[in-house]
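>>> Just the structure for this:
(one chain, ligands or ions: 2)
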Amino acid sequence: MVQPVMPKTWYRPTKPHKFCPGCGHPLILKALGEAADELGIQNQLIYGCDIGCSLLSWDFFAMDSTQTHHGRTTPVMVGMKRARPELICVGYMGDGGGYSIGSQHLVNSAIRNEKITLILANNTNYAMTGGQLAPTTLPGQKTETTPLGRDPESTGYPVMGPEMISAITGAGAYVARGTVSKYRQLKGFIKRALQNQMEGNGFSFVEALSTCPTNWGTNAKQTWNWLEDNMQAYFPTGELKSPFRKED
Ligand SMILES: Cc1ncc(C[n+]2csc(CCOP(=O)(O)OP(=O)(O)O)c2C)c(N)n1
Ligand code: SF4
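Ligands and ions are numbered 1, 2, ... in the order given. This next block holds a predicted model:
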């Protein structure tokens, strides 16, 4: 029998992915795959994904992967890192998984400065379950559970994840927020978050602003406009904390 030839890259570029057209998840995952390739850590890296649309990546990469209960990717990756410190442990989750049901894990692992890398896709809704309110839903944004628009008086204001993580982590942490509309910048943030773990510095966290046209009910142009005009205006992008910068 002819054995399949593994591609040079550790993600499978020829395998059709299962995300909706226009979804931001595949762009974030492509950035992660390319960053890992460029760092040459394919054989060291272990990938964990959450419940939510992030789980559609469970067999996206040609590498060891695990898929956890909703919000539990962080402690699973912490456990793996503690058991096998030589591995590069990367968790991937949505804003619901990270900032809502898994928020206690995110906060406590950040406070302990666990030496893992987390990447969180912020698409301002609970996508896989049909587009309900998420911790990141913008004020006034319509979702399945806020048909008149999010009212911060009763549901609170959007979680500013990287700002929170930046405040509670100690020295050696790396924290950034990127967006799928600035792919090269996002890939740079993910690469530094991996390098930070490789150097054994501390907790590494990248939030990626992402698109969800299916639940936003937007066409291609409206999707991009919503990301750039509304999300990027509310959630500033850039590095918030970096051991690679002298002033931090
Ligand atoms: C313990 C538990 N509670 C609730 C659910 C239902 N559930 C599945 S996906 C999801 C929301 C996912 O939203 P998010 O984490 O933001 O990821 P997205 O789908 O937007 O990428 C929920 C509530 C579940 N699977 N497990
Ligand atoms: S529902 Fe939204 S987040 Fe999920 S795959 Fe479709 S576009 Fe992407």
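
>>> can you tell me which residues contact the residue positioned nearest the centre of the chain?
Nearest residue to the geometric centre of the chain (C-alpha atoms, centre = their mean): Leu120, 2.1 Å. By C-beta atoms under 8 Å, 6 or more residues apart in numbering, the contact list for Leu120 reads 92-95, 97-99, 161, 205-208. (C-beta placed from N, C-alpha, C; glycine too.)

>>> Turn the residues you listed into JSON lines, columns for pLDDT.
JSON lines is the format used below for these (pLDDT from 0 to 100):
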{"residue": "Tyr92", "pLDDT": "98"}
{"residue": "Met93", "pLDDT": "98"}
{"residue": "Gly94", "pLDDT": "98"}
{"residue": "Asp95", "pLDDT": "98"}
{"residue": "Gly97", "pLDDT": "97"}
{"residue": "Gly98", "pLDDT": "98"}
{"residue": "Tyr99", "pLDDT": "98"}
{"residue": "Gly161", "pLDDT": "98"}
{"residue": "Phe205", "pLDDT": "98"}
{"residue": "Val206", "pLDDT": "98"}
{"residue": "Glu207", "pLDDT": "98"}
{"residue": "Ala208", "pLDDT": "98"}
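
>>> Inside helices: which ones of these?
Secondary structure from DSSP state H places 95, 161 of the contacts of Leu120 in helices.

>>> re the thing from before, just confirm the residue nearest to the centre of the chain is within a strand.
Yes. The assignment for Leu120 is a strand, going by DSSP: H, G, I helix; E, B strand; the rest coil.

>>> From ligand 2, how far off is it?
13 Å (C-beta to the nearest ligand atom, to the nearest Å).

>>> what are the bridge partners for the closest residue to ligand 1 within the chain, then?
In the chain, no residue comes nearer to ligand 1 than Gly94, which is 2.2 Å away by C-beta to the nearest ligand atom. Following DSSP bridges, Gly94 is listed with bridge partners Ala121.

>>> So what's the residue count around it?
31 (other C-beta atoms under 10 Å).

>>> circling back to that earlier point, look at the residue nearest to the centre of the chain and report its pLDDT.
Leu120 carries a pLDDT value of 98.
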